[in-house]
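Novice: Can you look at this prediction? I've put the sequence above it.
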Amino acid sequence: MTVAEAVDRFRRAANAKGDFGVPARRDHALYDEMADAWRFLDAEGDVGRAAFRSLLADPSEHVRCWVASQLLGTGDSTGIPVLEASAAGDGLRAFTSRMVLQEWRAGRLKPPFLPARP
């Protein structure tokens, strides 16, 4: 897999997962795809992490919010404006963004995607 392929894989899975109407088995598989793509990008070092961070400007709010949540959970606050903008809206995505920010401010936020086990 290349960095570009991992970014595309993450985007496709995040958008499909954002449907909220997929069966649980498919939802879990999409999460695994996103986590695998993130782990690959993280393992690629600065280039992979920069490619992941660039998704903060993705047209899809689903993609932007997943990326912002992961970054915030790993100590990178560059995604806060994305989550704040999402939280200002209505619906499930806005509620989720408010909860992510609340957990971060309380010092309890964990990243949605954990590093690969050694």
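Specialist: Good, I have the coordinates. Numbers count the residues shown, from 1 in each chain.
Novice: So for this protein, the centremost residue is which one?
Specialist: Residue closest to the average C-alpha location in the chain (Cα atoms, centre = their mean): residue 66, at 2.2 Å.
Novice: Low-confidence stretches in this structure?
Specialist: Applying pLDDT under 70 to the chain flags residues 19-20, 116-118.
Novice: top helix in it by residue count?
Specialist: Ranked by residue count, the top helix of the chain under DSSP state H comes out as helix 24-43.
Novice: Could you report the neighbour count for residue 93?
Specialist: By other Cβ atoms under 10 Å, the residues close to residue 93 number 17. Yep, even glycine has a C-beta here, placed from its N, CA and C like the rest.
Novice: so it sits right up against residue 63, yeah?
Specialist: No. Assessed by Cβ atoms under 8 Å, residue 93 is found out of contact with residue 63, at 11.4 Å.
Novice: Quickly list what's touching both of these two.
Specialist: residue 18 (Cβ atoms under 8 Å, 6 or more residues apart in numbering).
Novice: Could you check how far the helix or strand harbouring residue 83 is from the centre of its chain?
Specialist: For residue 83, the host element (DSSP states H and E) is helix 80-87. Relative to the chain's own centre, helix 80-87 is displaced by 13 Å; criterion: Cα atoms, centre = their mean, to the nearest Å.
Novice: Restrict the following helix or strand past it to CA atoms and write it as PDB.
Specialist: Next in sequence after helix 80-87, counting helices and strands by DSSP H and E, comes helix 91-105. Extracted C-alpha coordinates of helix 91-105, given in PDB (Å, rounded to 0.1, in the frame of the first residue of the first chain):
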ATOM      1  CA  GLY A  91     -27.900  16.000  14.300                       C
ATOM      2  CA  LEU A  92     -25.800  13.000  15.300                       C
ATOM      3  CA  ARG A  93     -22.500  14.200  13.800                       C
ATOM      4  CA  ALA A  94     -22.800  17.500  15.800                       C
ATOM      5  CA  PHE A  95     -23.600  15.600  19.000                       C
ATOM      6  CA  THR A  96     -20.700  13.300  18.500                       C
ATOM      7  CA  SER A  97     -18.400  16.300  17.900                       C
ATOM      8  CA  ARG A  98     -19.600  18.000  21.100                       C
ATOM      9  CA  MET A  99     -18.900  14.800  23.000                       C
ATOM     10  CA  VAL A 100     -15.400  14.500  21.600                       C
ATOM     11  CA  LEU A 101     -14.600  18.000  22.600                       C
ATOM     12  CA  GLN A 102     -16.200  17.500  26.000                       C
ATOM     13  CA  GLU A 103     -14.100  14.400  26.700                       C
ATOM     14  CA  TRP A 104     -10.900  16.200  25.400                       C
ATOM     15  CA  ARG A 105     -11.500  19.200  27.700                       C
END
